[in-house]
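Student: Build me a model from this:
(2 chains)
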Protein chains: 2
Amino acid sequence: MTEQTSATDLSIPPYGEDTVSERMQSILDTGTALFAEKGYDATSMRDIASAAGVSKALLYHHFTSKEDIYARIAFSATQNLNQYVWDRIPADGTAAEKLRAFMVAAAQFFTHHRSAWVAASNAFWSDPDRHRMEQRLARRRAFEMMLRDIVRAGVESGEFGDVDPAMTGRLVLSGINWMHRWHDPEKTLTPEEIVNQYADILLGGLMAKAG
Amino acid sequence: MTEQTSATDLSIPPYGEDTVSERMQSILDTGTALFAEKGYDATSMRDIASAAGVSKALLYHHFTSKEDIYARIAFSATQNLNQYVWDRIPADGTAAEKLRAFMVAAAQFFTHHRSAWVAASNAFWSDPDRHRMEQRLARRRAFEMMLRDIVRAGVESGEFGDVDPAMTGRLVLSGINWMHRWHDPEKTLTPEEIVNQYADILLGGLMAKAG
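Tutor: Next up, the predicted model:
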């Protein structure tokens, strides 16, 4: 995508360290799966240690608490989301193509990281680490700005009507964020198919005959 | 509004009794305010009794538990929402007018019953009363059907493009339902203003120049 103000925000380094060790990543993956399967409250540090095949002592060496594990999962979910979506927006596409690409990429990410995404959504305001919380807020802003920039460019070029980029972004993100509250992964429509339909509607379906 | 299949679903009688006594209603209003102010977990039956000016014995005479109070608040919120919105849809309007009226009415209801609405949303799957839970599900379906009927009529008359009524309804409801996760009541935009902008976007703003 062409350089924009939001691009700089996307380069925020990972929290604390540049890379997470393989063992830590494996524990985080185990935690993600357990939180998704049993729920956050019903999952104990003992469960995570046991499922990850490490001692409780080692678990506490890497992570201060269950909240810490949860917050790290949510944190890396938001970080990876921004990069994943950014990489899939066609730099020379129309605003409509970019908007659809943004929505499809977000839905794809959501499909493959459903549990981390739900964790991220639920844990948003409860991260005990203030600094990490602020980084996550910055990333969420960057994510929203990426979307608003696409809409704004469409409005300025005359491709879109005179809509408010912030409100349009809210509506798009509402559709994506609310999906996990009703979407049944067993059903035939995938999240990508759903947001493609949302994009059809937003990109002119409703008033196609009124133009 | 003209008679439609969903009209019959809206006539589901209130749970258990036709009217709630003035005292019970006053206790429910007190509970709604306390849950909104302190949060559900931090609010005790003692708090509710004290704030409502009744003894704990009398409180337990009317309600079996805190969960019961919460579920009743959430239940009447969904019941009243359907009726409120239904009454505000112009029977002889265009599909676009009806869709906007639906969105504005839902947002108005949300504004005036914010805490009950959030309670309804949070408590949706946790009602201990199975029969009441089923009635609420029926009401939620009726609410969605009302919306889909509006979109379907617009598609069939050719006023709207060939969009899927169910997916369009999901997108509209996502915008309305997600609002409480980000909307700050202290800010200048009201929920009605927000959904009016959503309606502008959905009703052709984005591709106005592409028609």
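Student: got the contact list for residue A:189?
Tutor: Taking Cβ atoms under 8 Å, 6 or more residues apart in numbering or on different chains, we find residue A:189 in contact with residue A:183. Every C-beta, even on glycine, is put in place using the N, C-alpha and C of the backbone.
Student: what comes up buried for stretch A:139-158?
Tutor: Using 16 or more other Cβ atoms under 10 Å in any protein chain shown as the test for burial, stretch A:139-158 gives A:139-140, A:142-155.
Student: quick one: which of the residues you listed sit in helices?
Tutor: Members of these lying in helices (criterion: DSSP state H): A:139-140, A:142-155.
Student: just the buried residues of stretch A:139-158 that are near chain B?
Tutor: For chain B, the contacts drawn from the buried residues of stretch A:139-158 by Cβ under 8 Å from any Cβ of the partner chain are residue A:154.
Student: Closest to residue B:88 out of the buried residues of stretch A:139-158?
Tutor: Nearest to residue B:88 out of those is residue A:151 (Cβ to Cβ; 29.8 Å).
Student: Not counting its neighbours along the chain, what's nearest that closest one?
Tutor: residue A:165 (4.1 Å; Cβ to Cβ, 6 or more residues apart in numbering or on different chains).
Student: Repeat that for residue A:34.
Tutor: residue A:43 is the one closest to residue A:34 (Cβ to Cβ, 6+ apart), at 4.7 Å.
Student: tell me the phi and psi of that neighbour?
Tutor: Note on residue A:43: its backbone torsions stand at phi -100, psi 130 [degrees, to the nearest 10].
Student: With residue A:100 instead?
Tutor: Dihedral angles (degrees, to the nearest 10) for residue A:100: phi -60, psi -40.
Student: Isn't it up against residue A:198?
Tutor: No. Judged on Cβ atoms under 8 Å, residue A:100 makes no contact with residue A:198 at a distance of 9.3 Å.
Student: Distance check, the residue nearest to residue A:34 against chain B.
Tutor: Counting by Cβ to the nearest Cβ, to the nearest Å, the gap between residue A:43 and chain B amounts to 19 Å.
Student: again with residue A:22
Tutor: To chain B, residue A:22 is 35 Å away according to Cβ to the nearest Cβ.
Student: where's residue A:73 relative to residue A:51, distance?
Tutor: Distance from residue A:73 to residue A:51, counting by Cβ to Cβ, to the nearest Å: 14 Å.
Student: Actually, residue A:83.
Tutor: From residue A:83 to residue A:51 the distance is 28 Å (Cβ to Cβ).
Student: Likewise for residue A:102?
Tutor: From residue A:102 to residue A:51 the distance is 35 Å (Cβ to Cβ).
Student: just residue A:67 next, same as before
Tutor: 18 Å.
Student: now residue A:204
Tutor: 48 Å.
Student: Which element is encountered next along the chain beyond the helix or strand containing residue A:136?
Tutor: Element membership of residue A:136 [criterion: DSSP states H and E] is helix A:130-157. Note on helix A:130-157: by DSSP H and E, the next helix or strand toward the C-terminus is helix A:165-178.
Student: Residue A:182: what's it in contact with?
Tutor: Residue A:182 sits in contact with residue B:170, where contact means Cβ under 8 Å, 6+ apart.
Student: same deal with residue A:34?
Tutor: Applying Cβ under 8 Å, 6+ apart, the residues near residue A:34 are A:43, A:47, A:48, A:51.
Student: Ok, residue A:103 next?
Tutor: So residue A:103 contacts A:172, A:175, A:176, A:195, A:196, A:198, A:199 (Cβ under 8 Å, 6+ apart).
Student: and it, what helix or strand is that in?
Tutor: helix A:95-112.
Student: between that helix and helix A:165-178, how many degrees?
Tutor: 30 degrees (axes from the mean of the first three to the mean of the last three Cα atoms, to 10 degrees).
Student: filter the contacts of residue A:34 to the buried ones?
Tutor: For those, buried by 16+ other Cβ under 10 Å: A:43, A:47, A:48.
Student: how far is the helix or strand hosting residue A:70 from where the chain is centred?
Tutor: Using DSSP H and E, the element containing residue A:70 is helix A:66-87. Relative to its parent chain, helix A:66-87 has a centroid offset of 7 Å by Cα atoms, centre = their mean, to the nearest Å.
Student: Tell me which other helices or strands it touches.
Tutor: helix A:22-38, helix A:45-52, helix A:95-112, helix A:114-122, helix A:130-157 (3 or more Cβ pairs under 8 Å, 6 or more residues apart in numbering or on different chains; DSSP states H and E).
Student: returning to what we had before: between residue A:100 and residue A:198, who's got more neighbours?
Tutor: residue A:198 (27 against 22; other Cβ atoms under 10 Å in any protein chain shown).
Student: any idea how far residue A:80 is from the more buried one?
Tutor: 22 Å.
Student: One more: residue A:73?
Tutor: 11 Å.
Student: so where is chain A shaky, pLDDT-wise?
Tutor: For chain A, residues meeting the criterion pLDDT under 70 lie at A:1-19, A:115-128, A:205-211.
Student: quick one: which of the buried residues of stretch A:139-158 is nearest residue B:21?
Tutor: residue A:140 (46.2 Å).
Student: burial count for the closest residue to the closest one other than its chain neighbours?
Tutor: Excluding the flanking residues, the one nearest residue A:140 by Cβ to Cβ, 6+ apart is residue A:78, at 6.4 Å. By the criterion of other Cβ under 10 Å, residue A:78 has 21 neighbours.
Student: Next up, the contacts around residue A:78.
Tutor: Residues in contact with residue A:78 (Cβ under 8 Å, 6+ apart) are A:120, A:136, A:139, A:140, A:143.
Student: and it, how far is that from chain B?
Tutor: Residue A:78 is 15 Å from chain B, by Cβ to the nearest Cβ.
Student: Check residue A:190 too.
Tutor: Distance, residue A:190 to chain B, using Cβ to the nearest Cβ: 13 Å.
Student: swap in residue A:185?
Tutor: Counting by Cβ to the nearest Cβ - residue A:185 and chain B are separated by 16 Å.
Student: Residue A:52 now?
Tutor: 30 Å.
Student: Next to chain B, which bits of chain A? Give me the list.
Tutor: Checking chain A against chain B by Cβ under 8 Å from any Cβ, the hits are A:96, A:154, A:158-164, A:167-168, A:170-171, A:173-175, A:177-179, A:181-182, A:194, A:197-198, A:200-211.
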